[in-house]
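Asker: Using only what follows, build the 3D model:
(one chain, ligands or ions: 2)
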Amino acid sequence: MADILKLAKTVDDAAKDARAIPQLSAKEKITVEEGYAIQSAAFSRRLARGETQVGIKMGFTSRAKMIQMGIDDMIWGRLSDGMLVEDGDEIDIKNYVHPRAEPEIAFLLGAPLPYACTAAEAMAAVDAVAPAIEIIDSRYKNFKFSLADVVADNSSSSGYVVGSWSSPGPDLSNLGMILEINGRPTQIGSSAAILGHPARSLAAAARIAAAAGEPLQEGWIIMAGGATAAEALRPGITVRNSVQELGFAGFSVKG
Ligand code: OOG
Ligand code: MG
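Answerer: Ligands and ions are numbered 1, 2, ... in the order given. Here you go, the predicted structure:
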C-alpha cells in the first residue's frame with residue numbers, strides 16, 4: 001500500500017517549489033485509485049494554506065491530448081482560487097517547472113450538478129461559458145508520467161485563465177478554437193474535439209465528481225479539457241485562446 005500522505009507531500013512540495021521530481025511509480029507501484037487519494041490529500045494541503053476550491057478540470061477529453069501524452073483515459077483534477085491567472089496577466093516562468101498552455105472552454109455553474117446527467121441537463125445548470133486556457137505543468141521530469149502518476153499530480157493542473165463570461169447562448173458543438181503565440185496561430189482546433197461537444201465533458205464531470213463524493217457545486221468553474229495539443233511556454237511570449245463566438249482569453253510570460 002502506498003503511503004498516501006507522504007506521496008501527497010512529495011507532489012505538493014514539488015508544485016510549491018516548482019521542482020521536477022521522479023515519477024512516484026518509479027519507486028513503488030501505485031494504482032489509479034491511490035493516485036486520486038494522493039491528489040485529494042495534496043489538494044487538502046493547499047486548502048490548509050488558505051486556498052479554496054472553485055471547481056474541477058477535466059483532462060484527456062480530446063484525441064489530440066490523448067495522443068500528445070500517450071494516455072487514453074479521461075482524468076480530472078481540482079481547481080483552487082490560488083491557481084487563477086487573471087485574463088491579461090503576466091506569469092513568471094520561474095514559478096513553474098516546464099509549463100504548457102492548452103486552449104479550453106470553461107463553464108460556470110448557476111446550479112449544482114450533483115448526479116450523473118445528460119449533456120442537455122448539464123447545460124441547463126450552466127450560468128455562463130468562457131474561452132479559457134489551462135496552464136499545465138507536470139511536476140514529473142520530462143513531463144512524462146503514467147496514468148496514476150498524473151492523477152496524483154492534480155492531473156498536471158497548475159493554473160487557469162478565463163476570458164469574459166457570456167450566457168450559454170451559442171451552439172457550442174463546433175466552435176473554432178485557435179491558440180495563438182505572439183499573434184501567430186500555433187494550434188487550431190474545434191470545440192467538437194472535446195468529446196464531440198464540450199457539454200459532454202461537463203456531464204462527465206458531474207458523473208465523476210458525484211461518484212467521488214464531491215458533487216459539482218453552484219458557482220464552480222469546470223474546465224472541459226484541451227481541444228488541441230498543449231504548447232510549451234517560454235519567457236517573453238503572449239498566449240491567447242480565441243474561440244469563435246465567445247471571444248478570447250490570454251496571458252503573457254515575463255521576458
Ligand atoms: C495532463 C492533463 C490533461 C487536458 O486538458 O487534456 C489536460 C497533461 O497533459 O499533462 O489537462
Ligand atoms: Mg487541460
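Asker: is the longest helix along the chain up against ligand 1 anywhere?
Answerer: For the chain, the longest helix by residue count, based on DSSP state H, is helix 32-48. No - shown here: helix 32-48 not in contact with ligand 1 (C-beta under 6 Å from any ligand atom), separated by at least 12.1 Å. Bear in mind the C-beta positions are built from the backbone N, C-alpha and C, glycine included.
Asker: May I have the helix or strand following that helix as CSV, with CA atoms only?
Answerer: Downstream of helix 32-48, the next assigned helix or strand under DSSP states H and E is strand 53-59. Presented in CSV, the C-alpha positions along strand 53-59 are these (Å, rounded to 0.1, in the frame of the first residue of the first chain):
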residue,chain,number,x,y,z
GLN,A,53,-11.7,25.0,-4.2
VAL,A,54,-13.5,26.8,-7.1
GLY,A,55,-14.2,23.9,-9.4
ILE,A,56,-12.6,21.0,-11.3
LYS,A,57,-10.8,20.4,-14.6
MET,A,58,-11.3,17.5,-17.0
GLY,A,59,-8.4,16.0,-18.8
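Asker: Give the other helices and strands that strand 53-59 contacts.
Answerer: Other elements packing on strand 53-59 under the criterion 3 or more C-beta pairs under 8 Å, 6 or more residues apart in numbering; DSSP states H and E are strand 75-80, strand 157-162, helix 198-211, strand 221-223.
Asker: Minimum distance to ligand 2: which of those has it?
Answerer: strand 221-223 (6.1 Å; C-beta to the ion).
Asker: Comparing the helices and strands packed on strand 53-59, which comes out most buried?
Answerer: With neighbours defined by mean count of other C-beta atoms under 10 Å, none of the helices and strands packed on strand 53-59 is more surrounded on average than strand 221-223, at a mean of 26.
Asker: what's downstream of that strand, the next helix or strand?
Answerer: strand 231-232.
Asker: Quick check, G219 in contact with A111.
Answerer: No - contact between G219 and A111 fails when scored by C-beta atoms under 8 Å: they sit 9.5 Å apart.
Asker: Which single residue in the stretch 51-200 of the chain comes nearest to ligand 2?
Answerer: For the stretch 51-200 of the chain, C-beta to the ion, closest residue to ligand 2: E134, 3.8 Å.
Asker: The stretch 151-255 of the chain now?
Answerer: G226 (4.4 Å).
Asker: Contact partners for that residue?
Answerer: Contacts of G226 were listed using C-beta atoms under 8 Å, 6 or more residues apart in numbering, and they are 59, 61-62, 64-65, 102-104, 134.
Asker: how near is the nearest residue to it once chain neighbours are set aside to ligand 1?
Answerer: Spatial nearest neighbour of G226, chain neighbours left out: E102 (3.4 Å); criterion: C-beta to C-beta, 6 or more residues apart in numbering. According to C-beta to the nearest ligand atom, to the nearest Å, E102 and ligand 1 sit 5 Å apart.
Asker: Please name the bridge partners of E102.
Answerer: Applying DSSP bridges to E102 gives these bridge partners: E134.
Asker: got the angle between the longest helix of the chain and strand 157-162?
Answerer: Counting by axes from the mean of the first three to the mean of the last three C-alpha atoms, to 10 degrees, helix 32-48 lies at 60 degrees to strand 157-162.
Asker: Quick one: the strands in the stretch 1-150 of the chain, in order.
Answerer: Using DSSP state E, counting those that start in this stretch, the strands of the stretch 1-150 of the chain run over 53-59, 75-80, 90-91, 100-109, 126-136.
Asker: Please identify the deepest-packed of those.
Answerer: Among the strands of the stretch 1-150 of the chain, strand 100-109 has the highest mean neighbour count (mean count of other C-beta under 10 Å), at a mean of 27.
Asker: Can I get that one as PDB, trimmed to CA atoms?
Answerer: Listed next in PDB are the C-alpha coordinates belonging to strand 100-109 (Å, rounded to 0.1, in the frame of the first residue of the first chain):
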ATOM      1  CA  ARG A 100       2.400  24.400 -21.300                       C
ATOM      2  CA  ALA A 101      -0.800  26.100 -22.300                       C
ATOM      3  CA  GLU A 102      -3.800  24.500 -23.900                       C
ATOM      4  CA  PRO A 103      -7.000  26.000 -25.300                       C
ATOM      5  CA  GLU A 104     -10.100  25.200 -23.400                       C
ATOM      6  CA  ILE A 105     -13.700  26.200 -22.700                       C
ATOM      7  CA  ALA A 106     -14.800  26.900 -19.100                       C
ATOM      8  CA  PHE A 107     -18.300  26.500 -17.700                       C
ATOM      9  CA  LEU A 108     -19.700  28.500 -14.700                       C
ATOM     10  CA  LEU A 109     -22.400  26.600 -12.900                       C
END
